[in-house]
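Peer 1: Pasted the sequence and its predicted model underneath.
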Amino acid sequence: MVAVRSLSKRFGDHTVLDAVSFSVAAGELVSVIGPSGCGKSTLLRCLNLLEVPDDGAIELVGHAIDRRGGGRWRRRDNAAAHRLRAQVGMVFQGFNLFAHRTVLENLLLAPRVVRRQRPEAEAMRLLDKVGLASMAHRYPATLSGGQQQRAAIARALAMTPRVMLYDEPTSALDPELSEEVLGVMRALDADGMTQIVVTHEMRFARAASDRVIFMESGRIIEEAPPERLFTSPADPRTRRFLRTEL
Ligand SMILES: Nc1ncnc2c1ncn2[C@@H]1O[C@H](COP(=O)(O)OP(=O)(O)OP(=O)(O)O)[C@@H](O)[C@H]1O
Ligand SMILES: [Mg+2]
């Protein structure tokens with residue numbers, strides 16, 4: 001579903017992603033963990049082409065995108081990039097809902113819902129899925145953080161993505177509210193959604209992931225099923241990080 005090969009990204013002379021390679025199978029939930037500044041957000045932003053990588057290749061739902069003819073990645077005039085982005089739903093730490101629109105209107109602004117036969121019924125189905133059907137007509141400011149984040153997930157789903165990317169979706173939330181959001185992600189996993197989650201919630205990473213990727217200094221140090229990564233990490237850097245986190 002997702003294949004990243006030798007992806008590199010530099011800001012000036014700072015190499016933020018250094019030849020990162022990994023793949024994610026359809027239906028997998030993969031967590032990405034690692035210290036602050038190691039490049040997790042940049043990696044997600046590259047997958048969505050919010051950042052243009054300097055080198056490497058991304059293949060997403062069968063669309064490959066890479067450097068053309070030895071040149072730099074191009075964001076514009078690249079139909080493949082556009083198709084790729086349309087397949088990816090992204091949820092950020094801050095919920096990024098439109099404040100002056102109701103929850104339902106936020107979903108209806110997603111263009112692909114509008115093109116359906118009964119956009120409102122479809123939007124309500126998604127709100128029901130994240131447990132917010134009763135809040136459809138409320139404004140984001142009147143919702144809890146966890147409810148806003150679930151609305152943001154429903155809005156991303158309204159674009160009918162094949163892959164969902166999350167950048168610390170619960171880091172602004174109290175533990176209880178964060179549990180609601182993680183529950184929605186578990187339910188999507190049960191539905192077969194492919195998900196990549198940058199998270200500092202080690203308990204979630206351990207309990208819900210099919211695989212965990214540990215990054216440090218722009219590289220993937222280790223990736224393994226959660227039981228193995230959390231109980232017997234192979235690399236001393238992983239061990240050191242987990243000691244500080246757990
Ligand atoms: N637009 C940018 N311009 C210059 N440097 C940047 C830019 N975006 C990120 N960086 C740098 O790239 C490095 C990786 O940042 P990134 O946000 O990917 O880290 P992160 O792993 O997500 O950290 P955190 O856990 O704190 O969110 C950092 O050193 C950051 O300062
Ligand atoms: Mg980050």
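Peer 2: Looks like it came in fine. Numbering: from 1, shown residues only. Ligands and ions are numbered 1, 2, ... in the order given.
Peer 1: how about the strands in the chain?
Peer 2: For the chain, the strands defined by DSSP state E occupy 2-11, 14-24, 29-33, 55-60, 63-66, 88-91, 163-167, 194-198, 211-216, 219-224.
Peer 1: Turn the ones you listed into JSON lines, including mean neighbour count, distance to ligand 1 and mean pLDDT.
Peer 2: Bear in mind the C-beta positions are built from the backbone N, C-alpha and C, glycine included. Putting those into JSON lines (neighbours: other CB atoms under 10 Å; distance: least, CB to the nearest ligand atom, whole Å; pLDDT from 0 to 100) gives the following:
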{"stretch": "strand 2-11", "mean neighbour count": "17", "distance to ligand 1": "3", "mean pLDDT": "95"}
{"stretch": "strand 14-24", "mean neighbour count": "17", "distance to ligand 1": "4", "mean pLDDT": "97"}
{"stretch": "strand 29-33", "mean neighbour count": "24", "distance to ligand 1": "9", "mean pLDDT": "98"}
{"stretch": "strand 55-60", "mean neighbour count": "19", "distance to ligand 1": "16", "mean pLDDT": "89"}
{"stretch": "strand 63-66", "mean neighbour count": "16", "distance to ligand 1": "20", "mean pLDDT": "75"}
{"stretch": "strand 88-91", "mean neighbour count": "22", "distance to ligand 1": "14", "mean pLDDT": "92"}
{"stretch": "strand 163-167", "mean neighbour count": "23", "distance to ligand 1": "7", "mean pLDDT": "97"}
{"stretch": "strand 194-198", "mean neighbour count": "24", "distance to ligand 1": "7", "mean pLDDT": "98"}
{"stretch": "strand 211-216", "mean neighbour count": "23", "distance to ligand 1": "7", "mean pLDDT": "98"}
{"stretch": "strand 219-224", "mean neighbour count": "18", "distance to ligand 1": "12", "mean pLDDT": "98"}
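Peer 1: Pipe the ones you listed into CSV and attach distance to Glu120 per row.
Peer 2: Below are the strands of the chain laid out as CSV (distance: least, CB to CB, whole Å):
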stretch, distance to Glu120
strand 2-11, 32
strand 14-24, 33
strand 29-33, 30
strand 55-60, 30
strand 63-66, 31
strand 88-91, 20
strand 163-167, 23
strand 194-198, 26
strand 211-216, 38
strand 219-224, 42
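Peer 1: What residues does the protein have near ligand 1?
Peer 2: Within the chain, the positions adjacent to ligand 1 are Phe11, Val16, Gly34, Ser36, Gly37, Cys38, Gly39, Lys40, Ser41, Thr42 by CB under 6 Å from any ligand atom.
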